[in-house]
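> After the sequence you'll find the predicted model.
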Amino acid sequence: MPNIENLCVNTIRTLTADAIQKAKSGHPGMAIGSAPLGYALFNKMRINPKNPDWQGRDRFVLSAGHASMLLYSLLHMNGYDLSLEDIKNFRQLDSRTPGHPEIEMTPGVDASTGPLGQGFAMAVGMAMAQAHEAAIFNRDGFPVADNYTYVLMGDGCMMEGAASEAASLAGALRLNKLIAIYDSNRITIEGNTDITFTEDVKKRFEAYGFGVFDVADGEDIQAISRAIDDAKADTERPSLIIVHTHIAHGTQKADTPSAHGEPLGDECIAQMKKDMGWEYDPFTVPSEVYAHYEKMQEVRTAQNDAYDSMMKEYEKAYPELYARLMAWHEGVSEAQIEKMYALFDNVPDAPKATRAISGDILNKLYNECGIDNLFGGSADLGPSNKTIIKPAEFFACGAYDKQNIHFGVRELAMAAACNGIMLYGGMYAYCATFMVFADYLKPALRLSALMGLPVMYVLTHDSFCVGEDGPTHHPIEQLASLRATPNVAVFRPADYKETVAAYISAVTSDKPTVIALSRQNLPQYDCTGRDALCGAYIVRDTEKTPDGIIIATGSELEISLEAANMLSEQGVNVRVVSMPCMEIFEEQSDEYREAVLPHAVKVRVAVEAGSSMPWYKYVGKCGTMVTIDHFGVSAPAKVLAPEFGFTANEVVNAYMEAAKHH
């Protein structure tokens, strides 16, 4: 390779080795082996390190997040606001170079990655968002959304099911602006990949509908660059570039499992530097490398400026489209929020399942409240979980402007793709499935929470009242699991007004929201209302200080109110609190929480058709729960409710038992 290319690649390799050795932890092997690949790719990308978040840029996702030092080295060398001191602090407390890339911590990082395969699935979501925005806003001579999404994968990403689900979806959608690069070094922690991973990846991705390109020598920068050009020239399909590399290339630990996840060691690093003729001190970037990238910055600034100039002309030529695009990227407006609050006044007359109510509200958000950047769908359950927005047209090749997505039976890829859609910017992503299948999407929901992405998770059939489908379809522990995830708001509304509150909260939030919805019809209440936005509130009170409190969510509010009336007839003063969202209730002031749940009132009963685990903090030592801590059985819902103790009488009995022990 030419001298400057050789110098840049060796700089990546030495920075990687030095940083990981200083930290005494990290993954040097892939970062060193894929250094030529990373160098070639960043040279091809449309980016601007001086303006890292400009909307016209190409996106890059390091799906193999353990190779973070490859990315950090490239970001520093390319001129992003990441210093050598930051690299020296790799993996340290408050460092801008954490063990795996994290958004908003490091400029130039487009996605938080680490759980293998999910980065690829997020890249699929980014490519979907680009296709959607392009179809709506691009005009001749005005490529508003014209970027590529690149993603670097490793052998582990290829093995994880998330990548398989996402690749199948990307191929079906023919996302030609998606270019995946597979660093095939054939090594995992336990040994050669042949011990568990023997399929023909080329044929596999061709079967998915990808164009596949092969680079035999991972050291050949020109061959890698040509493969990227060939992938960009394929305008019909997403692309996979397989680059055959050697883990920890050029070191004594090349092609060994130990190179994957542990420092190389001082002796190995010294020998590597000697062999490559590296005569600089540790953590050195030669001046020629900086000069090389400073020259490249001139081109990048010009690309950014040209895009900005084009957008100014676009505003003149298409002022309404421009205004709509800006509104998409500015978030929900005050006028839209006002229209959402008006939905509180449109309460249905008859009992209705909250899944059906949710569908009505979702359509009103899109068609009446002006939130036309909703972009999402269901895991092949749209007609059942009521998440199809009218007009009922679907995002597909040749119809990228449509707002509904067929995700197929792919919960994990669906949720990860929604993360990618949100990361791309300009859209509100939502996805849906039955609540029991939340376990299939939980890893991606966790990343939504970690990144602070307000993805809306619409999870229907929220209790054993699913009925005849039986225990495999009865969610029991799912609510507890979702509530245990930090930075997630879990709403379980009881009626129409609380469902409106859930959606208002979701679209104005800075974190993901789970909306848990009933299959069965539920009554509409006069006592519910906007205070649901506080997470918990009083829906039935007493003239005197209450003797006790019943706390309920969702479908169990009905039997809780009935029980309170029955207790009242016995002279017991009972307050009923609806708690649709524990997490938002915990964000309220101490005064508000005390007003709703006074510490002095010790007799408490929590009522919810789910696990008891989340409720101990609210009922205390003197309280009790009407919950379910066992799997269900197959039978009609009306049979299961009394069978499992979910009746007003059972709530009364539980209350009296709690009062007896107070």
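Everything's here; your move.
> Give me the three-state assignment for residue 475.
coil (DSSP: H, G, I helix; E, B strand; the rest coil).
> what about stretch 184-203, distance to the chain center?
Distance, stretch centre to chain centre, for stretch 184-203: 28 Å (C-alpha atoms, centre = their mean, to the nearest Å).
> try stretch 154-166
Relative to its parent chain, stretch 154-166 has a centroid offset of 17 Å by C-alpha atoms, centre = their mean.
> Check stretch 427-436 too.
Here stretch 427-436 is found 11 Å from its chain centre; the criterion is C-alpha atoms, centre = their mean.
> same deal with stretch 462-473?
The answer for stretch 462-473 is 27 Å, by C-alpha atoms, centre = their mean.
> Buried ones in that stretch, by neighbour count?
462, 463, 464, 465, 466, 467, 473 (16 or more other C-beta atoms under 10 Å). For the C-beta atoms, the positions are set from N, CA and C on the backbone; glycine is no exception.
> can you list the residues you listed in TSV and add distance to residue 147?
Output for these, formatted as TSV (distance: C-beta to C-beta, whole Å):
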residue	distance to residue 147
462	39
463	43
464	47
465	46
466	43
467	48
473	41
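> quick check, nearest of these to residue 438?
residue 462 (9.9 Å; C-beta to C-beta).
> how about the residue lying closest to that closest one once chain neighbours are set aside, what does it touch?
Nearest-residue entry for residue 462: residue 516, 4.2 Å, with adjacent residues in sequence omitted and distances by C-beta to C-beta, 6 or more residues apart in numbering. Residues near residue 516 by C-beta atoms under 8 Å, 6 or more residues apart in numbering: 435, 459, 460, 462, 479, 490, 491, 492, 493, 554.
> how about 6 Å then?
435, 459, 462, 492 (C-beta atoms under 6 Å, 6 or more residues apart in numbering).
> Over to residue 592?
By C-beta under 6 Å, 6+ apart, residue 592 has no neighbours at all.
> before we move on, back to that, bridging residues for the residue nearest to residue 462?
Beta-bridge pairing of residue 516 under DSSP bridges involves residue 459.
> Could I get the pLDDT score of it?
You'll see residue 516 listed with a pLDDT of 98.
> go on, residue 661?
Reported pLDDT at residue 661 in the predicted model: 81.
> List the buried residues in stretch 49-58.
49, 52, 56, 57, 58.
> hang on, I meant stretch 443-455
443, 444, 445, 446, 447, 448, 449, 450, 451, 453, 454, 455.
> With adjacent residues omitted, what lies nearest to the third one?
Using C-beta to C-beta, 6+ apart and skipping residues adjacent in sequence, the residue nearest residue 445 is residue 415, 5.8 Å away.
> and the one you found, what does it touch?
431, 441, 444, 445.
> Dump the buried residues of stretch 49-58 to a markdown table, plus pLDDT and secondary structure.
A markdown table is the format used below for the buried residues of stretch 49-58 (pLDDT from 0 to 100; DSSP: H, G, I helix; E, B strand; the rest coil):
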| residue | pLDDT | secondary structure |
| --- | --- | --- |
| 49 | 98 | coil |
| 52 | 98 | coil |
| 56 | 97 | coil |
| 57 | 98 | coil |
| 58 | 98 | coil |
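> Identify the farthest-apart pair in these.
49 and 56 (14.3 Å).
> average model confidence for stretch 7-21?
Rounded mean pLDDT across stretch 7-21 is 98.
> Pretty sure residue 243 sits in a helix.
No: Residue 243: not assigned to a helix; according to three-state DSSP it is strand.
> burial count for the closest residue to it other than its chain neighbours?
Closest residue to residue 243 apart from its sequence neighbours, by C-beta to C-beta, 6+ apart: residue 215 at 4.5 Å. By other C-beta atoms under 10 Å, the residues close to residue 215 number 26.
> what sits against residue 215?
223, 224, 227, 243 are the contacts of residue 215 under C-beta under 6 Å, 6+ apart.
> go again using 8 Å as the cut-off
Contacts for residue 215 (C-beta under 8 Å, 6+ apart) come out as 223, 224, 227, 241, 242, 243, 244.
> cool, and residue 13?
31, 32, 35, 250, 272, 276 are the contacts of residue 13 under C-beta under 8 Å, 6+ apart.
> so which of those comes closest to residue 235?
The nearest member of the contacts of residue 13 to residue 235, counting by C-beta to C-beta, is residue 35 at 30.0 Å.
> Strands along the stretch 151-300 of the chain, start to end?
178-184, 187-188, 191-192, 211-215, 239-244 (DSSP state E, counting those that start in this stretch).
> now the stretch 401-550 of the chain
404-406, 428-434, 456-460, 489-491, 513-517, 521-522, 537-540, 548-552.
> cool, the stretch 1-150 of the chain as well?
Going by DSSP E, counting those that start in this stretch, the stretch 1-150 of the chain shows strands at 59-62, 149-153.
> Which parts of the protein belong to which domain?
3-300, 330-522, 535-660 (automatic domain parsing).
> Please convert those to CSV, extending it with distance to residue 320.
Shown next, in CSV, are these (distance: least, C-beta to C-beta, whole Å):
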stretch, distance to residue 320
domain 3-300, 11
domain 330-522, 13
domain 535-660, 36
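> Nearest to residue 319, out of these?
domain 3-300 (12.4 Å).
> Pull up the distance across that closest one, start to finish.
23 Å (C-alpha to C-alpha, to the nearest Å).
> Relative to the whole chain's centre, how far out is that domain?
So, by C-alpha atoms, centre = their mean, the centroid of domain 3-300 is 21 Å from its chain's centroid.
> Same check on stretch 621-640?
So, by C-alpha atoms, centre = their mean, the centroid of stretch 621-640 is 31 Å from its chain's centroid.
> My read is that residue 329 contacts residue 55, right?
Yes: the criterion here is C-beta atoms under 8 Å, and residue 329 meets it with residue 55 at 7.2 Å.
> Please determine how far the residue nearest to residue 243 is located from residue 227.
According to C-beta to C-beta, to the nearest Å, residue 215 and residue 227 sit 5 Å apart.
> How about the contacts made by residue 489?
505, 506, 509, 511, 512, 513, 514, 581, 583, 584.
> Emit the PyMOL select command for whichever of these are buried.
To isolate the buried members of these in PyMOL, using 16+ other C-beta under 10 Å:
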select buried, resi 505+506+509+511+512+513+514+581+583+584
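> From residue 651, how far out is the nearest residue to residue 573 once chain neighbours are set aside?
Closest residue in space to residue 573, ignoring its immediate chain neighbours: residue 542 at 3.9 Å, by C-beta to C-beta, 6+ apart. Between residue 542 and residue 651 the computed distance is 17 Å (C-beta to C-beta).
> Which one of these two is surrounded by more residues?
residue 651 (26 against 16).
> element containing that one, please.
Assigned by DSSP states H and E, residue 651 belongs to helix 648-660.
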